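[1] I'll drop the sequence and a predicted model, then ask my questions.
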Amino acid sequence: MINGGKISVALAGNPNCGKTTIFNILTGLHQHVGNYPGVTVEKKQGVCKYKNYEMEITDLPGTYSLTAYSMEEVVTRNFIIEEKPDVVVDVIDASNLERNLYLAVQMMELNVPLVLAFNMSDIAKQRGLVFDLQKLSQLMNVKIVPTVGNKNEGITDLLETIIQTSNEPAKNLSSLIKYGSEIDSEIEKLQQKFSELRDNRWLVLKLLEQDSAVLKDIHNEEIIIAVLESVLRLKNIFGEEPEIIIADRRYGFISGACQESVENTIETRHSNSDMIDSVVINKFWGLPIFFALMYVVFDLTFRIGHWPMVGLEMFFGWLGSLVSGFWPAGTESVLKSLIVDGIISGVGGVVVFLPNILLLFAAIAILEDSGYMARAAFVTDRFMHKIGLHGKSFIPMLIGFGCSVPAIMACRILENRRNKITTILIMPLMSCGARLTIYALLIPAFFAEKWRGPVMWLIYFIGIALAVIAAKILRVTLLKGETIPYVMELPPYRMPTFKSIGLHMWERGWMYLQKAGTTILLISIILWGASNFPRMEKSNLENVSDTQIQSAALKHSVIGRVGTFIEPVIKPIGFDYKIATALIGALAAKEVFVAQMSIVYAVTEHEDVSVLQEKLRNDYTPLQGFCVMLFCLISAPCLATTIITRTETGAWKWAILQFAGLTVLAYIITLVVYQVGMLFM
Amino acid sequence: MVLQEKILLKDTVDDLKVKLVKVDAGQMLKARLAAMGLLPGVEFRVINNNHPGPLVIDLKGARIALGRGMAGKIFVKTSDHLKI
């Protein structure tokens, strides 16, 4: 037996089997999250040091089976086939044995060195299940270790078993299950006929199951034809697709093994969960409870998050003025401006989202770990299904009213790729909190008291309506695909643990800072440059006030020039170069629009916002004011949103599509509104 | 054991014990359901079918929610004598 060394371990299992808890115990904080190349499936890896061994642990996505019907399943399968981990640990929810073993059986057919972690055995015991693990282990010819993830039990045993298994030659279990003479003889026929299939029973089975991903890799026409013939013969015999028969035989094998090794001593199961469910997914109470909980999540994220945000803003403001103090008063320095207005406020702009992200993910962790998330999808399914999305999409969309950045990160809870990308793409249409500052400036400037409420409502409503329409359109065009069949397990309710919530917050917060934060910082510095360069000659600026200098300097800068340059294009929607300049500045963050407008109009910081509103009222009509709000609502999301869309979808094309698509949409809608509005003015 | 006529899963009532007869759907959906253990011949209990949206069944101790559209493609037979 070799002592010490590296072992690669893959953790597999059904969704909700407690796999992540075991992963967290094994790796602690030594984990990193990424994506599998080319797909939006999350890849979590971590390192576990035990004795002299260094185990590189990969947490595979939760799946029920190894077919090719979902991205997660393909990723899991490819990882096992291509990366060939030394040991695969299949985490089994012991209280839900038969279905969990279905995945295990398929792993065995793949001939991987397998260990079964019999998780949550405590709950299973409470439910009156008595296991004869030795017997089951014998029947299935696989090692079984009982564990209780959230109580840290059985972990040492599991580690020892992993080491032991990695040192043994792999067992050949591919013919563990007998599929009956009809199927077995077809397998044999194919194996005899084609040498490349001879040692790979798994491959033949997959071919008979008509697995699209496996079929794609077979380039020998003769094999494809022979397989089709076999499939047709089997269909004739059974009157059913061979894959259904194969699944049936697997379940038959499992249920046989369970009958001999599991005893059910109590009849009622799930009673507490069922009791909670009778209220939580009740046809009358389900939705009100859902909305109340969503309100709590929203409130927690933004109301409680408000205080640390204010603190952070104050801190960065203080830091800025502290650093400014190093330069003598009244002097102008590019370096000072770069450090204070570029870097410090840029870092501030990144960090300021952190409280929201941490609180939101704490709330999501509680909803997920407790088992409520599956119920939330349940109660909203009917409505969300109509717009081609999953019930779960509702949660990120709601968060989107606060801020698109954490909302897009929250789309990680969506398993289906098309569904996830659609939700991400439409997210900026949920009018976020930063845009509220724009409405707060413009609505009182142009509308009488009694119209302010309705106008505000109208803006939010337009956003939601466009989001619904856009989702529907995306789901029948670019992101076309069978509407996600809604089959979902409702896991029993569980008490979330602090450790798991803490880890979740840490993981998301760190990922945000690392992945998105750096890019957002870089872009805010570029935008700082664009609004400060080229600089004006000092000599031209005598006898004018500071604010007028600022205003002239902005017009002179790259942003001001671009604003002036595009004026002819935006004239038809009622905008001038001033609005354009402010809009370009607002790319960094939507609330910058207000600050930029103040600079353009040379309003000093000491003056009340009503001064700016007065000036706006003199220059523009209410129709123009409304069009600006409409454009801000729909157009290009802020750059932080664009960057987070890029990191979460894994491809620039989606980020660019979102940015360009929304801007074009905004232009068209504003154009129509302005031109039609002009007819009545 | 006397099995009654086959009906659609969506037309069942709460607490009804049924046996799956046939899934009348595309290959993908059938395979997905099969992977979760919803195969012809399997017996389960309807837990909550009074919701306008999805319904919940008890399949071997697990609670599984199925969209209403899908429940309109699953044929079951009912019987009080099923041992679930």
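    Yep, that arrived. Numbers count the residues shown, from 1 in each chain, chains lettered A, B, ... in the order given.

[2] Tell me the confidence at the residue nearest the centre of chain A?
    In chain A, the C-alpha nearest the mean C-alpha coordinate belongs to A:Arg412, at 1.9 Å (C-alpha atoms, centre = their mean). Each residue has a pLDDT score; the one for A:Arg412 is 80.

[3] So it belongs to a strand, correct?
    No: counting by DSSP: H, G, I helix; E, B strand; the rest coil, A:Arg412 is not part of a strand but helix.

[4] By mean pLDDT, flag the weakest helix or strand of the chain.
    You didn't pick a chain, so chain A it is. strand A:31-35 (a mean of 63; mean pLDDT, DSSP states H and E).

[5] nope, chain B
    Lowest on mean pLDDT, DSSP H and E among the helices and strands of chain B sits helix B:27-35, with a mean of 83.

[6] Check whether the helix or strand following that one comes near chain A.
    Under the assignment DSSP states H and E, the closest C-terminal helix or strand after helix B:27-35 is strand B:43-48. Yes: counting by C-beta under 8 Å from any C-beta of the partner chain, chain A has neighbours in strand B:43-48: B:47-48. Glycine gets a C-beta too; all of them are placed from N, C-alpha and C.

[7] Give me the contacts around strand B:43-48.
    For strand B:43-48, the external contacting residues (C-beta atoms under 8 Å, 6 or more residues apart in numbering or on different chains) are A:274, A:277-278, A:281, B:9, B:12-20, B:38, B:55-60, B:63, B:82-84.

[8] So which of the residues you listed sit within helices?
    A:274, A:277-278 (DSSP state H).

[9] Neighbour-wise, give me the winner out of these.
    A:Asp277 (22 neighbours; other C-beta atoms under 10 Å in any protein chain shown).

[10] immediately after the least confident helix or strand of chain A, which helix or strand?
    Strand A:31-35 is succeeded, C-terminally, by strand A:42-50 (DSSP H and E).

[11] and A:Leu11, backbone torsions?
    Phi and psi for A:Leu11, reported as degrees, to the nearest 10, are phi -100, psi 120.

[12] Quickly list what it is bridged to.
    A:Asp59, A:Val89 (DSSP bridges).

[13] Check the burial of it by counting its neighbours.
    25.

[14] ok, back up a step: nearest to A:Arg303 among the ones in helices among the contacts of strand B:43-48?
    The shortest gap between A:Arg303 and any of those belongs to A:Asp277, at 29.6 Å (C-beta to C-beta).

[15] wait, isn't that closest one in contact with B:Val56?
    Yes: using C-beta atoms under 8 Å, A:Asp277 is in contact with B:Val56, at 7.5 Å.

[16] Just the buried subset of the contacts of strand B:43-48, written out for ChimeraX, thanks.
    Here is the ChimeraX selection string for the buried members of these, based on 16 or more other C-beta atoms under 10 Å in any protein chain shown:
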select /A:274,277,281 /B:9,12,16,17,18,19,20,38,55,56,57,58,59,60,63,82
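
[17] Low-confidence bits of chain B, can you list those?
    Residue ranges of chain B with pLDDT under 70: B:1-4, B:79-84.

[18] Equivalent analysis for chain A, please.
    A:1-3, A:29-42, A:265-270, A:330-332, A:482-485, A:515-516, A:537-544, A:546, A:604-608.

[19] care to break it down by domain?
    A:5-174, A:177-267, A:290-679 (automatic domain parsing).

[20] now the end-to-end length of the first one.
    Distance between the boundary residues of domain A:5-174 (C-alpha to C-alpha, to the nearest Å) amounts to 29 Å.

[21] what would the domains of chain A look like in JSON lines with distance to B:Phe44?
    Output for these, formatted as JSON lines (distance: least, C-beta to C-beta, whole Å):
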{"stretch": "domain A:5-174", "distance to B:Phe44": "12"}
{"stretch": "domain A:177-267", "distance to B:Phe44": "13"}
{"stretch": "domain A:290-679", "distance to B:Phe44": "13"}
